[in-house]
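In: The sequence isn't on hand, but the structure is:
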């Protein structure tokens, strides 16, 4: 079962204070285990990414994330961060859906996006 979590933080992006939504995903057999992992509960430390969740869970998580980005307001971003180089390479496919690389202090931070409705509207205005 796939569990996708979203949480919001205030951050500086491109010299502007904006709200950044972060997404986290875990594939596990119970909601209880997933919540322990999300809340950094000591009992959840053993819940770690193994890369053995299957393509079905990743496809479902992608659907949820792509739907969520249409709920973003004009001053909000959605960031997908990675734990290691393996996931960084796997998440590269997000670029096909309009996600971009976001860097902070010259270091690759996350793949990010904003609501495509606002982006298209701003592009048409120019």
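Out: Arrived safely. Owing to the predicted nature of the structure, the values given are computational and were not obtained by experimental measurement.

In: How much space separates residue 115 from residue 72?
Out: The gap separating residue 115 from residue 72 is 4 Å, by CB to CB, to the nearest Å. The way it works is simple: take the backbone N, C-alpha and C, and place the C-beta from them, glycine included.

In: How about residue 98?
Out: Between residue 98 and residue 72 the computed distance is 12 Å (CB to CB).

In: Who has more neighbours out of the two?
Out: Neighbour count, other CB atoms under 10 Å: between residue 98 and residue 72, residue 72 has more, with 18 against 13.

In: can you count the residues close to residue 76?
Out: 16.

In: can you pull the contacts of it?
Out: Going by CB atoms under 8 Å, 6 or more residues apart in numbering, residue 76 touches 8, 18-21, 114-115.

In: Tell me the pLDDT of it.
Out: With respect to pLDDT, residue 76 scores 92.

In: start at 55 instead
Out: Got it, the first residue is 55 from now on, which makes the last one we talked about residue 130.

In: one step back: for the contacts of residue 130, give me JSON lines that also has distance to residue 157 and secondary structure.
Out: JSON lines is the format used below for the contacts of residue 130 (distance: CB to CB, whole Å; DSSP: H, G, I helix; E, B strand; the rest coil):
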{"residue": "62", "distance to residue 157": "21", "secondary structure": "strand"}
{"residue": "72", "distance to residue 157": "16", "secondary structure": "strand"}
{"residue": "73", "distance to residue 157": "19", "secondary structure": "strand"}
{"residue": "74", "distance to residue 157": "14", "secondary structure": "strand"}
{"residue": "75", "distance to residue 157": "18", "secondary structure": "strand"}
{"residue": "168", "distance to residue 157": "16", "secondary structure": "coil"}
{"residue": "169", "distance to residue 157": "21", "secondary structure": "coil"}
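
In: Please spell out the PyMOL selection for the buried subset of those residues.
Out: Selection of buried members from these for PyMOL, criterion 16 or more other CB atoms under 10 Å:
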select buried, resi 72+74+75+168+169
